[in-house]
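> Structure for the following, please:
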Amino acid sequence: MTRTGPAQRFRATTAALAAVLFLLAGSTSAAADHDGPSLDAALFAKIDTFLASEREASDIPGLAVVIVAGDQIVHTGALGVADGSGRPVTPDTPFVLASVSKAFTATAVMQLVEAGLVELDAPVQRYVSWFRVADEPASARITIAQLLHHTSGIPASSASNDDQDEGALERRVRALASERLLFDPGTGYEYTNAGYDVLGFVVQSVSGLPFDQYVEEHILSPLGMVHSHALATDAFADGASEAFFRWFGVATMPTRVPHPRAEGPAAMVFSSANDMGRWIIANLNGGRVGQARILSDAGMAMLHAPAVETDPEHAYAMGWAVRPYWEALEVAGAPPTSYSLPALIEHEGASPTAHTYVGLVPERGWGFAVLMNTFDWIDGSAYAHVEQGIQRLLAGKEPLPAYPGRDLIDRNARNIAIGLLVLELVSLVWSIRVIRHWSGPAGLRPTGRRAAVALAVPLVLDVFVLALLLVFIPAVFDTSLAEALTYQPDAPWIVLPLLLLGGLWGTVRTITLGALYLRERYPRAGAAASTL
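Numbering: from 1, shown residues only. The predicted model follows:
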């Protein structure tokens with residue numbers, strides 16, 4: 001994520017935009033405000049055909065979709081399998097939502113705000129007295145709102161745990177005591193799961209209920225989301241989809257991954273397509289589904305209102321991102337990008353084995369969600385293409401071709417890494433042969449240009465590999481190497497050997513070759529070097 005200073009003008013316009021969103025969300029109907037083709041069987045058949053094509057093209061084992069207009073679910077669909085046995089996906093199959101979970105946590109916080117138990121601008125320490133980061137004075141300045149907006153300064157790379165007991169979330173929050181902030185609270189933007197896990201613990205501390213129990217009782221049950229769960233064990237008991245991963249870009253197979261309770265508030269809520277339809281209805285209609293209400297109209301609108309600019313075309317609200325609807329469609333000659341309506345309120349989720357997306361256009365009165373049980377971070381645009389295609393079809397346009405722009409690099413990143421690993425292995429064999437020859441009879445010892453090549457070529461390869469892994473990849477993909485390894489279960493099998501060959505062996509080889517070269521070229525200096 002790009003870190004930029006919060007746009008102060010948004011603070012002045014948030015209230016006005018929230019009010020407009022409230023009026024629009026409360027007054028839309030199933031068909032009146034829809035901008036695009038009729039929401040009928042022909043359109044839904046077209047969407048289903050598109051999804052079937054995308055599923056085959058990207059080797060997605062299972063997916064489900066729901067489309068909402070006004071206060072009605074107008075279409076659901078399900079394709080593929082939910083586990084290795086071939087169990088079919090249905091509209092009631094729970095999927096892990098990944099970061100789409102953040103909107104549920106933000107809603108829980110807003111419920112406590114409306115109950116007078118939490119204040120958005122209050123410091124976290126008011127509710128969790130022992131909350132700390134490495135910077136003691138800054139710890140006292142981190143507020144609830146800053147956590148909601150990702151402006152606290154807590155880094156995205158904060159370590160978690162895979163525990164499943166009730167104390168897992170507390171241990172996750174206590175572990176932040178050693179984390180150094182990236183910037184002073186409120187002065188920048190850094191998308192981070194850790195901040196939402198802290199919010200989940202605030203909900204737990206203030207309500208007196210475990211976070212998962214609070215979400216079940218105060219959000220999921222009131223909305224009738226019967227196949228949604230805030231605890232992984234409950235979800236799998238209800239037939240949740242298993243995880244799949246596309247190993248080395250070739251074979252998509254069932255893959256067991258942890259579902260840490262410590263990351264429940266940020267990424268571990270489960271839901272089905274039908275239930276996500278009810279969630280979308282609540283968000284389009286001021287917190288209401290039928291007679292049930294989970295938030296006031298103003299509270300729901302506040303969740304959706306942009307609060308911090310993440311780049312010139314995008315903002316973050318509370319558990320939701322906001323951008324211009326036309327920008328999302330990539331329409332040629334679209335109006336200038338701004339936060340004027342229509343706005344697309346959205347969030348995607350990505351884990352090593354799941355990709356989810358929810359998008360709302362309150363002015364048009366519709367929204368949709370798509371849930372998938374696989375993900376490939378290197379080829380992530382293939383999954384983003386699914387939701388963009390649905391957006392365009394709902395707007396009366398054809399889906400764009402897949403893999404635009406720089407995605408050619410993304411798709412070949414794994415092949416490039418494998419190629420470098422092969423080169424490093426060749427270099428290993430060649431370097432061992434050179435070392436043996438240089439240690440042999442005088443006629444085979446290093447001299448002239450040949451020696452320079454033997455020293456320089458593998459060294460250049462090592463420097464390139466290390467720069468690629470430690471500098472270029474983190475910069476291009478906007479992530480740390482550790483996070484990249486977490487999101488790609490197959491990556492350690494390629495990256496760790498590269499680090500060992502390029503870093504550890506490269507250092508040993510260079511010192512050895514250098515010592516042998518010096519021994520021959522400068523006998524006294526070489527002898528001294530050989531004794532080091």
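> now the strands for the stretch 51-200 of the chain?
62-69, 72-80, 95-96 (DSSP state E, counting those that start in this stretch).
> so which of those strands is the most packed in?
Stretch with highest mean neighbour count among the strands of the stretch 51-200 of the chain: strand 95-96 (a mean of 29; mean count of other C-beta atoms under 10 Å). Bear in mind the C-beta positions are built from the backbone N, C-alpha and C, glycine included.
> Note down every partner strand of it and its orientation.
strand 270-271 (antiparallel) (DSSP bridges).
> Phi first, then psi, for residue 368.
Torsion angles at residue 368 (phi, psi; degrees, to the nearest 10) stand at phi -150, psi 160.
> Would you convert the strands of the stretch 51-200 of the chain into JSON lines that also reports mean pLDDT and distance to residue 305?
Below are those laid out as JSON lines (pLDDT from 0 to 100; distance: least, C-beta to C-beta, whole Å):
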{"stretch": "strand 62-69", "mean pLDDT": "97", "distance to residue 305": "21"}
{"stretch": "strand 72-80", "mean pLDDT": "96", "distance to residue 305": "25"}
{"stretch": "strand 95-96", "mean pLDDT": "97", "distance to residue 305": "28"}
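> how about a markdown table for these, with distance to residue 312 added?
Output for those, formatted as a markdown table (distance: least, C-beta to C-beta, whole Å):
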| stretch | distance to residue 312 |
| --- | --- |
| strand 62-69 | 30 |
| strand 72-80 | 34 |
| strand 95-96 | 32 |
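> nearest to residue 298, of those?
When the strands of the stretch 51-200 of the chain are compared by C-beta to C-beta, strand 62-69 sits nearest residue 298, at 21.5 Å.
> The closest one packs against which elements?
Here strand 62-69 touches helix 41-57, strand 72-80, helix 273-284, strand 366-372, helix 381-394, going by 3 or more C-beta pairs under 8 Å, 6 or more residues apart in numbering; DSSP states H and E.
> how much space between residue 355 and residue 326?
24 Å (C-beta to C-beta, to the nearest Å).
> Among these two, which residue is more densely surrounded?
Using other C-beta atoms under 10 Å as the criterion, residue 355 and residue 326 rank with residue 355 on top: 28 against 17.
> most packed of the helices and strands packed on strand 62-69?
Mean neighbour counts for the helices and strands packed on strand 62-69 (mean count of other C-beta under 10 Å) peak at strand 366-372, with a mean of 28.
> ok, and what's touching that one?
The contact list for strand 366-372 (C-beta atoms under 8 Å, 6 or more residues apart in numbering) reads 28, 34, 39, 51, 60, 62-70, 95, 97, 100, 271-273, 276-277, 279-280, 283-284, 354-361, 383, 386-387, 390, 394.
> What count of nearby residues applies to the closest residue in space to residue 505 that isn't next to it in sequence?
Spatial nearest neighbour of residue 505, chain neighbours left out: residue 428 (6.6 Å); criterion: C-beta to C-beta, 6 or more residues apart in numbering. Other residues lying near residue 428 total 15 when counted by other C-beta under 10 Å.
> Just to be sure, residue 428 is in a strand?
No. Going by DSSP: H, G, I helix; E, B strand; the rest coil, the assignment for residue 428 is helix, not a strand.
> Just the buried positions in stretch 498-505, please.
Going by neighbour count (16 or more other C-beta atoms under 10 Å), the buried part of stretch 498-505 is 498, 499, 501, 502, 505.
> Of those, which is the nearest to residue 142?
residue 499 (34.5 Å).
> Now for that closest one: which residues touch it?
Residue 499 touches 466, 469, counting by C-beta under 8 Å, 6+ apart.
> C-terminal to whichever strand or helix holds it, what's the next element?
Per DSSP states H and E, residue 499 falls inside helix 492-499. Using DSSP H and E, the next helix or strand after helix 492-499 towards the C-terminus is helix 506-521.
> What pLDDT is listed against the closest residue to residue 225 other than its chain neighbours?
With sequence-adjacent residues excluded and distances taken as C-beta to C-beta, 6+ apart, residue 225 is closest to residue 275, at 3.9 Å. Reading off the confidence values, residue 275 has pLDDT 98.
> Quick check: residue 275 touching residue 229?
No. Contact status for residue 275 versus residue 229: not in contact, 9.7 Å apart, counting by C-beta atoms under 8 Å.
> Now do residue 430 against residue 112, distance only.
64 Å.
> which residues do residue 275 and residue 229 both contact?
If you check residue 275 and residue 229 against C-beta under 8 Å, 6+ apart, the residues they both contact are 94, 220.
> How many residues are close by residue 116?
7.
> Now residue 90: phi and psi?
The phi/psi pair for residue 90 (degrees, to the nearest 10) is phi -130, psi 170.
> and the residue nearest to it when sequence neighbours are not counted, what are its bridge partners?
Excluding its sequence neighbours, the residue lying closest to residue 90 (C-beta to C-beta, 6+ apart) is residue 78, at 5.1 Å. Residue 78 has the following beta-bridge partners by DSSP bridges: residue 64.
> So residue 78 is in contact with residue 88, correct?
Yes. Counting by C-beta under 8 Å, residue 88 is a contact partner of residue 78 at 7.3 Å.
> what about residue 507, neighbour count?
12.
> Check residue 166 too.
The burial count for residue 166: 13, using other C-beta under 10 Å.
> dump the residue contacts of it.
Per C-beta under 8 Å, 6+ apart, neighbours of residue 166: 210, 261.
> mind showing which ranges of the stretch 101-250 of the chain have poor pLDDT?
159, 249-250 (pLDDT under 70).
> List the single closest residue to residue 268 in space, sequence neighbours excluded.
Nearest in space to residue 268, with sequence neighbours left out and distances taken as C-beta to C-beta, 6+ apart, is residue 259 at 5.5 Å.
> quick one: the helices in the stretch 151-300 of the chain?
Ranges of helices in the stretch 151-300 of the chain, per DSSP state H, counting those that start in this stretch, are 168-174, 193-207, 211-215, 232-237, 264-267, 273-284, 297-304.
> May I see the ones you listed organised as JSON lines, with distance to residue 223 added?
Listed next are the helices of the stretch 151-300 of the chain as JSON lines, based on distance: least, C-beta to C-beta, whole Å:
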{"stretch": "helix 168-174", "distance to residue 223": "23"}
{"stretch": "helix 193-207", "distance to residue 223": "17"}
{"stretch": "helix 211-215", "distance to residue 223": "11"}
{"stretch": "helix 232-237", "distance to residue 223": "16"}
{"stretch": "helix 264-267", "distance to residue 223": "18"}
{"stretch": "helix 273-284", "distance to residue 223": "5"}
{"stretch": "helix 297-304", "distance to residue 223": "12"}
